[in-house]
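**Student:** generate a structure from the sequence data that follows.
(one chain, ligands or ions: 1)
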Amino acid sequence: MRIDILTLFPEMFQGPFSESIIKRAQEKGTVELVCHNIRDYSTNKHKKVDDYAFSGGAGMVMQIEPIARLIEKLKEEREYDEIIYVTPDGQTLNQGISNKLSLKGNIMILCGHYKGVDQRVRDHYITMELSIGDYVLTGGELAAAVIADSVIRLIPGVISDETSALTDSFQDNLLAPPVYTRPADYNGWKVPDILLSGDNKKIEAWKEEQAYKRTKERRPDLLK
Ligand code: ADE
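**Tutor:** Numbers count the residues shown, from 1 in each chain. Model prediction:
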């Protein structure tokens with residue numbers, strides 16, 4: 001899978017993409033992450049990428065030309081399954097969307113800034129608009145990094161323990177059950193006996209029951 005990120009701040013992705021599982025996925029060649037600086041596609045003498053809104057009011061709008069130039073260039077090089085714009089007024093990301101995206105070949109993620117991008121970019125290039133929650137970030141970069149992370153870890157082979165991603169919270173519309181590791185007794189705080197019993201069948205039943213209980217208490221909306 002290839003993910004192209006279109007941004008004014010490519011350095012913001014250095015951290016999230018250069019550690020742990022996402023780093024290994026790139027090294028293995030399972031995913032190729034390419035950041036493009038939209039400013040490089042401005043033909044303006046001052047590398048300007050934004051301008052005042054025709055509607056007036058405070059805040060700048062990202063102009064169509066540099067974004068269109070970059071998208072057209074990428075589309076000439078390969079076919080894209082989705083061109084995603086990250087924006088607070090998009091559809092809220094969930095595990096189902098991440099699952100579907102993890103099966104795609106090539107996707108682009110466009111990050112907005114200021115008051116957002118010229119509506120014509122959204123009307124003519126964007127195939128999907130995603131938000132990561134009902135709050136406003138300074139720009140789309142952190143949202144794009146969140147989306148890329150949640151998608152990449154679902155690509156087969158990225159997480160070494162094959163069953164690990166399948167038992168995540170949300171994967172079956174249930175939250176994950178509590179987990180414990182050694183020591184079995186920490187200052188009198190004990191791990192539930194059943195987990196030390198060695199009875200796999202009982203342990204599986206306990207996990208299922210705990211997942212259901214946790215979901216009912218914390219996220220009853222998921223059970224509907
Ligand atoms: N850009 C600013 N806030 C955002 C959010 N919550 N989700 C996606 N993109 C954003």
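**Student:** going forward, measure contacts and count neighbours with C-alpha atoms only.
**Tutor:** Noted.
**Student:** partners of the longest strand along the chain, with directions?
**Tutor:** Counting residues, the longest strand in the chain under DSSP state E turns out to be strand 82-92. As defined by DSSP bridges, the strand partners of strand 82-92 come to strand 106-111 (parallel), strand 128-131 (parallel).
**Student:** nearest to the ligand, of those strands?
**Tutor:** Closest approach to the ligand among these (Cα to the nearest ligand atom): strand 128-131, 3.5 Å.
**Student:** how close does the residue nearest the centre of the chain sit to the ligand?
**Tutor:** Centroid check for the chain by Cα atoms, centre = their mean gives residue 147 as the closest residue, at 0.9 Å. Residue 147 is 9 Å from the ligand, where distance means Cα to the nearest ligand atom, to the nearest Å.
**Student:** now for that residue: which residues touch it?
**Tutor:** Contacts for residue 147 (Cα atoms under 8 Å, 6 or more residues apart in numbering) come out as 93, 98, 132.
**Student:** may I have the helix or strand hosting residue 144 as PDB, with CA atoms only?
**Tutor:** Element membership of residue 144 [criterion: DSSP states H and E] is helix 141-152. Extracted C-alpha coordinates of helix 141-152, given in PDB (Å, rounded to 0.1, in the frame of the first residue of the first chain):
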ATOM      1  CA  GLU A 141      -1.700  16.800  10.000                       C
ATOM      2  CA  LEU A 142      -2.400  15.100  13.300                       C
ATOM      3  CA  ALA A 143      -5.700  13.800  12.000                       C
ATOM      4  CA  ALA A 144      -3.900  12.400   8.900                       C
ATOM      5  CA  ALA A 145      -1.300  10.700  11.100                       C
ATOM      6  CA  VAL A 146      -4.000   9.200  13.200                       C
ATOM      7  CA  ILE A 147      -5.800   7.800  10.100                       C
ATOM      8  CA  ALA A 148      -2.600   6.500   8.600                       C
ATOM      9  CA  ASP A 149      -1.600   4.800  11.800                       C
ATOM     10  CA  SER A 150      -5.000   3.100  12.300                       C
ATOM     11  CA  VAL A 151      -5.000   1.900   8.700                       C
ATOM     12  CA  ILE A 152      -1.400   0.700   8.400                       C
END
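**Student:** buried stuff in that helix?
**Tutor:** Residues 141-145, 147-152 are the ones in helix 141-152 that count as buried (16 or more other Cα atoms under 10 Å).
**Student:** from those residues, pick the one nearest the ligand.
**Tutor:** Closest to the ligand out of the buried residues of helix 141-152 is residue 143 (4.9 Å), distances taken as Cα to the nearest ligand atom.
**Student:** test my guess that the closest one contacts residue 86.
**Tutor:** Yes. Using Cα atoms under 8 Å, residue 143 is in contact with residue 86, at 6.7 Å.
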